[in-house]
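Undergrad: any chance you could fold what I've pasted below:
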Amino acid sequence: MTKIAFIGLGNMGSGMCANLCKAGHDVRAFDLSADAVKAAAEKGATPAATVAEAVADAEVVVSMLPAGKHVRGVYLGDDGVSANAPKSAVFLECSTIAVEDARSISADLKALGFDMVDAPVSGGPDGAKSGEMAIWVGGDEEVFTAHKPVLDTMSDSARYIGSIGAGSVAKLVHNLSGYIIQTALAETFTMGVKAGLEPDAIWEAVRQGALGRRRTFDTLYRNFLPARFDPPDFALALARKDVALACEVGREFEVPMKLAHTTLAELTEAMNRGWGGRDSRVAMLLQSERAGVDIQVADDRLNEILDQD
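TA: Residues are numbered from 1 along each chain as shown. Next up, the predicted model:
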């Protein structure tokens, strides 16, 4: 049993924290939302009123926060993690943040005598609950190896990628790929509908082609095809943040990123519609509007197609 402080109990953090409790770890949980802390307590965590209280005797600190500024504030603020955690504590920072933020925060913590790894995750809220998700880790490999049992409690695929910041790079590669594909699928499906096909007929057909057999099209059934974007699985504002961070990496290393910038422009336009709190796939509606088509397939029909597999 490990004494763990868990900070950040949102859509992802809540499931991850629950799995640590289920595995028998001694978890103290903190979030700015009292309701989130209460829900964590119902899953077995000890509620903490402050960050300081959460980390007071922690062996491991796990954080899942919205952005780099929040991570810096939580770890390096006047009454944050580094001011209150034992010097022996290790920090598993699971947020998706800029690569440079991961490196600079880690360096500042190292100067104070702490080890931090960047360990962003991928699997969505369902994966966070079930433990079926990836964790990509950058930092000291010995720290990763020593604390892999904790990571394995939250994930079925925790992998060491490289030095600090490497986990964040892997996460940005993954997420950017997904949103570029999303932008492309919105374009290709609206072409098919505008050409006279029913959206369910297109989906049923292409799922049996070469790309379809790799399950390229299966995610469309959750949001795009039924036109269901609320509540969000992953908010548009967070998706735009991730794509913008990936574009920053491209600029840093002078990599041409034409498709990434097209995707960023699409997500930005959707943000400007006031859709930031909706599911990230709501940006696909922009292409439907431009094409002048309305795509909405009944759940029964989608399930009928899935049941044919």
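
Undergrad: alpha carbons only for contacts and neighbour counts from here, please
TA: Will do.

Undergrad: the most centrally placed residue in the chain bridge partners, please.
TA: In the chain, the residue lying closest to the centroid (CA atoms, centre = their mean) is residue 122, at 5.2 Å. Residue 122 has the following beta-bridge partners by DSSP bridges: residue 134.

Undergrad: pull the contacting residues for it.
TA: 133, 134, 135, 171 (CA atoms under 8 Å, 6 or more residues apart in numbering).

Undergrad: nearest to residue 91 among the residues you listed?
TA: Residue 91 lies nearest to residue 135 out of the contacts of residue 122, by CA to CA, at 14.3 Å.

Undergrad: hmm, that closest one is touching residue 161, no?
TA: No. Counting by CA atoms under 8 Å, residue 135 stays clear of residue 161, with 9.8 Å between them.

Undergrad: out of the contacts of residue 122, which are buried?
TA: Among the contacts of residue 122, those buried by neighbour count (16 or more other CA atoms under 10 Å) are 133, 134, 135, 171.

Undergrad: mind giving me TSV with these and columns for pLDDT and distance to residue 113?
TA: Shown next, in TSV, are the buried ones among the contacts of residue 122 (pLDDT from 0 to 100; distance: CA to CA, whole Å):
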residue	pLDDT	distance to residue 113
133	97	31
134	98	28
135	98	25
171	96	27
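
Undergrad: distance to residue 77 added to those, as TSV?
TA: Shown next, in TSV, are the buried ones among the contacts of residue 122 (distance: CA to CA, whole Å):
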residue	distance to residue 77
133	30
134	29
135	26
171	26
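
Undergrad: quick one: which of those is nearest residue 261?
TA: Closest to residue 261, out of all of the buried ones among the contacts of residue 122 and judged by CA to CA, is residue 171, at 17.5 Å.

Undergrad: the closest one contacts residue 120, doesn't it?
TA: Yes. Counting by CA under 8 Å, residue 171 does reach residue 120; the two are 6.4 Å apart.

Undergrad: shared neighbours of the two, anything?
TA: Common neighbours of residue 171 and residue 120 (CA under 8 Å, 6+ apart) are 96, 136.
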